[in-house]
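S.K.: quick one, structure for this:
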Amino acid sequence: MELWQRLRRELGACCDLLLPPACLLCGDRLPAGTPASEFCPTCRAGLPPLPPARCPVCAAAHRTPLPSLHHCEVCLRQPPPFDRVHAVGPYAGTLQEATQAFKYRGQLPLERPLGALLAAAVLAGGGRRADLVVPVPLHRSRLRERGYNQSLQLARQLAGALAVPVAPALLHRNRATVAQQGLDAVARGGNLRGAFAVAGPVAGRRLLLVDDVMTTGATVRECAGVLRRAGAAAVEVAVLGRA
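M.R.: Residues are numbered from 1 along each chain as shown. From the prediction side, this is the model:
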């Protein structure tokens, strides 16, 4: 075993010498010792941090100076069915560029650095350990069109980092919906109402729901609500970008 591990290390060093690892987003060579699953320093510098003054539940930035523990107006008026949102950062800069390349342009290798960032955000955010990681599902028509579910790819990366099982088919999308992009908050909620169903046992389980971007929160609200009504003990949300 030790011989095999040494051979693997030496082979990896030879590969790095002949084919130095490059940033999966911009293609620049990574500094020596940087894991291939990370962005280069320039791309990492373009990751905007979450604002310190934000809602502790939905992670929305406060529009007026408020303490970071103060809930936003939306969560005060209509408490969400999820317990909290973990986000890598605002949907801008490098994070937006990488997410769009991953989601719309088939850049699947980006699941590694994006998944690593998402895992770091969840670990930094604390919270109770989940029993299952659950991706937001795509309808089969959208899945045929895109060829993959970006939320499932992220969920697999996150589940591996957290050592928690992933449940790829726990949520089911009942019907196709129009794209959420371009709809206002009310239309987004109506567009998704009744679009999801639970396809497995969740009673008493703590779930970590994964999506790529959270804007108004209509998608994760609908999914979390379905899961809680099915008996889930708790639902936390993990997203790359918080718009």
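S.K.: so who does the closest residue to residue 196 other than its chain neighbours touch?
M.R.: Sequence neighbours aside, residue 226 is the residue nearest to residue 196 in space, at 4.9 Å (criterion: Cβ to Cβ, 6 or more residues apart in numbering). (C-beta placed from N, C-alpha, C; glycine too.) Applying Cβ atoms under 8 Å, 6 or more residues apart in numbering, we find residue 226 in contact with 171, 196-198.
S.K.: please, a ChimeraX command that selects the buried ones among these?
M.R.: Buried subset of the contacts of residue 226, written as a ChimeraX selection, criterion 16 or more other Cβ atoms under 10 Å:
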select :171,196,198
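S.K.: want to throw the contacts of residue 226 into a markdown table with distance to residue 137, secondary structure and pLDDT?
M.R.: Output for the contacts of residue 226, formatted as a markdown table (distance: Cβ to Cβ, whole Å; DSSP: H, G, I helix; E, B strand; the rest coil; pLDDT from 0 to 100):
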| residue | distance to residue 137 | secondary structure | pLDDT |
| --- | --- | --- | --- |
| 171 | 5 | strand | 97 |
| 196 | 7 | strand | 95 |
| 197 | 10 | strand | 95 |
| 198 | 11 | strand | 97 |
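S.K.: so for stretch 166-178, what gets flagged as buried?
M.R.: 166-167, 170-171, 173, 177.
S.K.: give me the beta-bridge partners of the residue nearest the centre of the chain?
M.R.: With distances taken as Cα atoms, centre = their mean, residue 239 lies nearest the centre of the chain, 3.2 Å away. Using DSSP bridges, the bridge partners assigned to residue 239 are residue 87, residue 211.
S.K.: burial of the closest residue to residue 38 other than its chain neighbours, as a residue count?
M.R.: Of all residues not flanking residue 38 in the chain, residue 113 sits nearest, at 5.7 Å (Cβ to Cβ, 6+ apart). For residue 113, the neighbour count with other Cβ atoms under 10 Å is 23.
S.K.: what do you get for the one 5 residues further on?
M.R.: For residue 118, the number of neighbouring residues by other Cβ under 10 Å comes to 25.
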